[in-house]
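Enquirer: coords please:
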Amino acid sequence: MKALLAWVSPLLLATTVTGASPPTWQRLAALPVGNGGFVAAAIDGRIVIAGGTTWQGDTKLWLDRIWAYEPARDAWSETGRLPVAIAYPASGVAGRTLWFAGGSGGGAAHPSVWKLASITQAVEAVPFRQASVYAVGGVIGGKFYTVGGSDDQAAVARLTNHLFSTDLTTGAVERLADYPEAAISNAGAAVLGDRLYVFGGGYWDAARQGVFNHASAHAYATATGRWEKLPSLPHAGRGFSAIALDDRHILVAGGYRNDQVEFVADAYLFDTQTRHYRPTLPLPYTAMVTLVRDGEWLYCLGGEDRKRHRTDAAFRIRYAELLR
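Expert: Model prediction:
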């Protein structure tokens, strides 16, 4: 009997005992195009995605389109265009406005911070004087905090650990305490309270001439101007998607583990009070995805699901189901 129970997941056992339905992801209408590296947010009752990359055969395309999803119709439509093709910028949400900085259209990083407050148009807000691609960040108290990345999407050997804040009103830039690891790209990042939480990410190893992954995690406290070391992730990886689910828990999910395992669907809840990780329901597919929360719903959208490919998958779940 003990051997049998060892194969039963705690989640399945709990739902069997209580009679509750097991949590499930709901499949939605597919994205208009397989896409990864885009920015996304909930705006005006719709889920909006902008930019990103896709593949046509052996050609990588950098995108400048804006699409919006209407939950009532379960349908996507093209609603506008970005000023330039943009993928892999740092991004953050403040209220109902999506901010994104840097990113690339296939070459050098863009020197601008944009804001998207409608489903049709992104406008340049302030210059981005420390332009980077593959950086991560978030908006706290009217400032956009960005960490890591490179000045060119092809120059992974120039990845940094630099942290900057950009005032979203004046454009004033301040260099802050460097990230505690040597360099970082494609990490998972989430804002909760006055802290920017950063999970995993990649770095260039000159000795091995390749990109390898961190298992480390740190939080930057804007009140003290210092990084706080967090417990390491259950496994190293880059391309995690991280999002705050409530005032205590951050979901860290998906990503690329290593060249042997490649893409994963693993998902963990990080409790910011106890500083512990615990596994939760996996993502509905293996990929470096984008997560968006709107009200009670958490959306899992697109992403890189295998090398030289992007998926058009779209799912959602009531985020409370992941907190069971």
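Enquirer: now the residue positioned nearest the centre of the chain: how far from residue 107?
Expert: Closest residue to the average C-alpha location of the chain: residue 241 at 3.7 Å, with C-alpha atoms, centre = their mean. Distance of residue 241 to residue 107, given as C-beta to C-beta, to the nearest Å: 25 Å. Quick note: C-beta positions are derived from backbone N, CA and C, even for glycine.
Enquirer: likewise residue 43?
Expert: Residue 43 sits 29 Å away from residue 107, going by C-beta to C-beta.
Enquirer: for the two, indicate the residue with more neighbours.
Expert: Taking other C-beta atoms under 10 Å, residue 43 and residue 107 do not tie; residue 43 has more neighbours (19 against 12).
Enquirer: just to check, that one is in contact with residue 98?
Expert: Yes - judged on C-beta atoms under 8 Å, residue 43 makes contact with residue 98 at a distance of 6.9 Å.
Enquirer: count of neighbours near residue 56?
Expert: For residue 56, the count of nearby residues is 9 (other C-beta under 10 Å).
Enquirer: mind checking how far it is from residue 87?
Expert: Taken as C-beta to C-beta, the span from residue 56 to residue 87 is 15 Å.
Enquirer: and the helices in the stretch 1-150 of the chain, which stretches?
Expert: In the stretch 1-150 of the chain, the helices defined using DSSP state H, counting those that start in this stretch lie at 2-5, 10-18.
Enquirer: secondary structure element for the nearest residue to residue 144 once chain neighbours are set aside?
Expert: Counting by C-beta to C-beta, 6 or more residues apart in numbering, residue 144 lies nearest to residue 166, which is 4.6 Å off, once chain neighbours are set aside. Element membership of residue 166, judged by DSSP states H and E, is strand 163-167.
Enquirer: residues of that strand that come out buried?
Expert: Buried residues in strand 163-167, counting neighbours by 16 or more other C-beta atoms under 10 Å, are found at 163, 164, 165, 166.
Enquirer: can you get me a residue count around the closest residue to residue 107 other than its chain neighbours?
Expert: For residue 107, ignoring the flanking residues on the chain, the nearest one in space by C-beta to C-beta, 6+ apart is residue 152 at 6.4 Å. Residues lying near residue 152 (other C-beta under 10 Å) number 17.
Enquirer: next: residue 259.
Expert: Count around residue 259 with other C-beta under 10 Å applied: 11.
Enquirer: go on, the one 4 residues further on?
Expert: Residue neighbour count, defined by other C-beta under 10 Å, stands at 21 for residue 263.
Enquirer: hmm, residue 304 and it touching each other?
Expert: Yes - if you go by C-beta under 8 Å, residue 263 and residue 304 touch, sitting 7.2 Å apart.
Enquirer: quick check: neighbours shared by those two?
Expert: 256, 287, 288 (C-beta atoms under 8 Å, 6 or more residues apart in numbering).
Enquirer: pLDDT score for the closest residue to the first one other than its chain neighbours?
Expert: It stands for residue 256. Leaving out its chain neighbours, the residue that sits closest to residue 256 by C-beta to C-beta, 6+ apart is residue 239, at 4.7 Å. Looking at residue 239, its pLDDT reads 98.
Enquirer: contacts only, for residue 239.
Expert: Contacts of residue 239 by C-beta under 8 Å, 6+ apart are 186, 188, 254, 255, 256, 288, 304.
Enquirer: from those, which single one is nearest residue 76?
Expert: Closest approach to residue 76 among those (C-beta to C-beta): residue 304, at 19.3 Å.
Enquirer: what's the neighbour count on residue 141?
Expert: Residue 141 - counted by other C-beta under 10 Å - has 12 other residues nearby.
Enquirer: done for today, thanks.
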